[in-house]
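Asks: build me a model from this:
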Amino acid sequence: MDHDLITHADLPLTGWTARLHYDGDRPDRLVVGPLGGSPLTHSLLAATGSDRGQSVLGAHHVRLARPFGPSAVGTVTLAYGVLGNAPVEVVLLRHRHWRPARVQRVRPVVLADRVWWVEQAGHYDEVRATVSGRTTVRLV
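Replies: Coordinates of the predicted model:
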């Protein structure tokens, strides 16, 4: 049986889309990717993501065709993961050899109370998602 589309989001900076599909009454698959590009599919476990290591599913750098803004940003960092039973706090970090150069707290967009998304202008090296005191780190 095909999974029906229950919700989707288009990210304004990158143009990537996120589509959440379900099997029965629960979302079981997340499909993400650029318009016209190859999509990435992630299976969502039945238990909450934070309990099963799905707090951060993916993180990517996206080069923009044309830089935008006053500082001519040419790269956007995006990340996504599964929500647990508590709100998620997401921090993006950029490192230099001698120190962390920039720390940016970002507010996630939530799809169907199941998946979170963030996108931030700039090139970041690390994503940290904290849910209920447990932090998951993913390098970009």
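Asks: return the helix or strand in the protein with minimum mean pLDDT.
Replies: strand 4-10 (a mean of 66; mean pLDDT, DSSP states H and E).
Asks: can you name the next helix or strand after that one?
Replies: Heading C-terminal from strand 4-10, the first helix or strand you meet, by DSSP states H and E, is strand 17-23.
Asks: got the buried residues for that following strand?
Replies: 17-22 (16 or more other Cβ atoms under 10 Å). For glycine as for every other residue, the C-beta is placed from the backbone atoms N, C-alpha and C.
Asks: who touches that strand?
Replies: Contact partners of strand 17-23, identified using Cβ atoms under 8 Å, 6 or more residues apart in numbering, comprise 1, 3-11, 27-35, 80, 111-112, 114-115, 117.
Asks: grab the nearest non-local neighbour of V118.
Replies: In this structure, V118 finds its nearest non-sequential neighbour in V106, 4.4 Å apart by Cβ to Cβ, 6 or more residues apart in numbering.
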